[in-house]
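Enquirer: attaching a predicted model along with its sequence, questions to come.
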Amino acid sequence: MKLARDQATLTKITALIEYAFQKKHSLNADPVFLARYEHADAYGVYQANELTNLIMANQFTSQYFSKSLKMAGVGYVASYPEYRGQGTIAKLMGELLHDLYENGVAVSQLAPFSEAFYRQFGYENTSQKKNYQIPVSAFAHFKSERQGFVKRGTWRQLEKPIKEIYQSLLPGQVGTLIREDWWWERLAAYYPDRFYAVAFDDEKRAVGYLIYRMQGSTLVLDELAYQNDFAVRKLLTYVKAHTSSFEEVVYSGPAQALLENYFGEQQELTITLRPYMMSRIIDIKQVLQALPLQQKVVIEVTEDKQCPWNVGSWLVDQGTCQKVKCAGDVQCSIQSLSELLLGGLTLDEAVFLGKVKVTKQFASDPFPKGQQSFYDYF
């Protein structure tokens, strides 16, 4: 059931979260936790007057090509150990997804503790992070950018250009969070040891930013955002200026990042690609209307146990979507469709893996792929 928003309930919620996630301090008066809690809906189950199971969901807005959709970030899925394995979380998830649909939410995202666990609720991997380990010796083969300048400062000093750059990069992205002010402020409070830098070109235009931390012998790049090639080179030149103080630079960026191309000896870099976020479509009609499909196509959702309103055939044509009574050109479960429409999986790959069945031949892949920049964690 959806939990009341009062002090007694908050105390029970924080007690469960502290136990389940091994928090070392109380969350009851933690402003960082409360910022998220105050913008969230919590669902839980009471047994013997104790809150035994919990799910929290924050409603955000995410970018989908040129449009925005309401998105629910699910987190703090928790149970006391003696109440696990009873199917309670499954019931709460069903209730949550139904309520999200009623509230016009199109998509849900989460960072899984177990991929198999969330697949039973229709979620699938839709984003990856490209992880870089760069020894400082690699910067000897990096050509510094002499034009423009970098301004370093606090979050408050650089808030305006950072937000503007972030916003400018959203069009064409898929699933990237459209950050509201409260979320920006929470990030700044959650990472009080972060540093900020903005790159400017010779016309004094802000073209990129860097958010980073210093952790012992490692320089950690948390966000590296840029509008053009110059901004990448200028920000990496700024990173290079730190190399006398560190042994390595690490960065986890979007799968499409191309930082290796800026180093003359790429073999010195260690690069790995790992799954990050899982997603599931809650309202198929909203998603299909938002995606700029390249041709008319009938998409058939063959299975969706939690959101049965998605099941059936949907004719998509020039930004319109309507339910029809015919077999689909593309047939799959909501789980596979979420991976196809919200992730980087191509139609050919989906067919090869047996995740999708097609009943007609397409001259080209009708499903476009956008950029993804998943820096946010729910």
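Expert: The structure has been received and is ready for your questions.
Enquirer: where does the stretch 201-350 of the chain dip in pLDDT?
Expert: By pLDDT under 70, the stretch 201-350 of the chain has no low-scoring segment.
Enquirer: show me where it has its strands.
Expert: With DSSP state E, counting those that start in this stretch as the criterion, the stretch 201-350 of the chain has strands at 206-215, 218-226, 248-254, 270-275, 278-281, 297-301, 312-317, 320-324, 330-332.
Enquirer: so which of those strands gets nearest Asn261?
Expert: strand 270-275 (11.4 Å; CB to CB). From N, CA and C alone the C-beta is placed, and that goes for glycine too.
Enquirer: which other residues reach that closest one?
Expert: With contact meaning CB atoms under 8 Å, 6 or more residues apart in numbering, strand 270-275 is reached by Glu115, Asn125, Ser127, Gln128, Lys129, Lys130, Asn131, Tyr132, Gln133, Ala255, Glu260.
Enquirer: export these to a markdown table and tack on secondary structure, neighbour count and distance to Ala199?
Expert: Converted to a markdown table, the contacts of strand 270-275 look like this (DSSP: H, G, I helix; E, B strand; the rest coil; neighbours: other CB atoms under 10 Å; distance: CB to CB, whole Å):
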| residue | secondary structure | neighbour count | distance to Ala199 |
| --- | --- | --- | --- |
| Glu115 | helix | 12 | 37 |
| Asn125 | strand | 21 | 32 |
| Ser127 | coil | 22 | 26 |
| Gln128 | strand | 19 | 26 |
| Lys129 | strand | 19 | 22 |
| Lys130 | strand | 19 | 21 |
| Asn131 | strand | 15 | 23 |
| Tyr132 | strand | 21 | 19 |
| Gln133 | strand | 15 | 23 |
| Ala255 | coil | 17 | 23 |
| Glu260 | helix | 15 | 20 |
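Enquirer: nearest to Trp183, out of these: which one, please.
Expert: Nearest member of the contacts of strand 270-275 to Trp183, counting by CB to CB, is Ser127, at 17.9 Å.
Enquirer: got the domain boundaries for this protein?
Expert: 7-105, 130-275, 283-358 (automatic domain parsing).
Enquirer: okay if I get those as a markdown table plus distance to Ser364?
Expert: A markdown table is the format used below for those (distance: least, CB to CB, whole Å):
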| stretch | distance to Ser364 |
| --- | --- |
| domain 7-105 | 17 |
| domain 130-275 | 19 |
| domain 283-358 | 7 |
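Enquirer: looking at the ones you listed, which is nearest to Tyr377?
Expert: With CB to CB as the measure, domain 7-105 is the member of those nearest Tyr377 (8.2 Å).
Enquirer: please identify the most buried of the strands of the stretch 201-350 of the chain.
Expert: strand 278-281 (a mean of 27; mean count of other CB atoms under 10 Å).
Enquirer: what sits against Thr237?
Expert: With CB under 8 Å, 6+ apart, Thr237 has these contacts: Phe142, Ser144, Glu145, Val150.
Enquirer: switch the cut-off to 6 Å
Expert: Ser144, Glu145 (CB atoms under 6 Å, 6 or more residues apart in numbering).
Enquirer: tell me how far it lies from Val32.
Expert: Distance check for Thr237 against Val32: by CB to CB, to the nearest Å, it reads 33 Å.
Enquirer: on the three-state scheme, Tyr118 is what?
Expert: helix (DSSP: H, G, I helix; E, B strand; the rest coil).
Enquirer: related to what we said a few turns ago, looking at the strands of the stretch 201-350 of the chain, spot the one closest to His98.
Expert: strand 278-281 (13.3 Å).
Enquirer: which neighbours does that closest one have in its sheet, and in what orientation?
Expert: As defined by DSSP bridges, the strand partners of strand 278-281 come to strand 107-110 (antiparallel), strand 124-125 (antiparallel).
Enquirer: deepest-packed of those strands, please.
Expert: strand 107-110 (a mean of 25).
Enquirer: export that one as PDB, just CAs?
Expert: Presented in PDB, the C-alpha positions along strand 107-110 are these (Å, rounded to 0.1, in the frame of the first residue of the first chain):
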ATOM      1  CA  VAL A 107       8.800   4.800 -18.200                       C
ATOM      2  CA  SER A 108      10.600   3.500 -15.100                       C
ATOM      3  CA  GLN A 109      14.300   3.200 -14.400                       C
ATOM      4  CA  LEU A 110      16.300   1.600 -11.700                       C
END
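Enquirer: and the residue nearest to Glu50 when sequence neighbours are not counted, how many neighbours?
Expert: Nearest non-adjacent residue to Glu50, counting by CB to CB, 6 or more residues apart in numbering: Lys12, 7.3 Å away. Residues near Lys12, counting by other CB atoms under 10 Å, number 18.
Enquirer: I'd say Lys12 and Asn53 touch.
Expert: No - between Lys12 and Asn53 there is no contact under CB atoms under 6 Å: 11.3 Å.
Enquirer: nearest to Gln371, out of the domains of the chain?
Expert: Closest to Gln371 of the domains of the chain is domain 130-275 (CB to CB; 4.8 Å).
Enquirer: show the end-to-end separation of that closest one, please.
Expert: 9 Å (CA to CA, to the nearest Å).
Enquirer: go on, stretch 271-283?
Expert: 36 Å.
Enquirer: sounds good, over and out.
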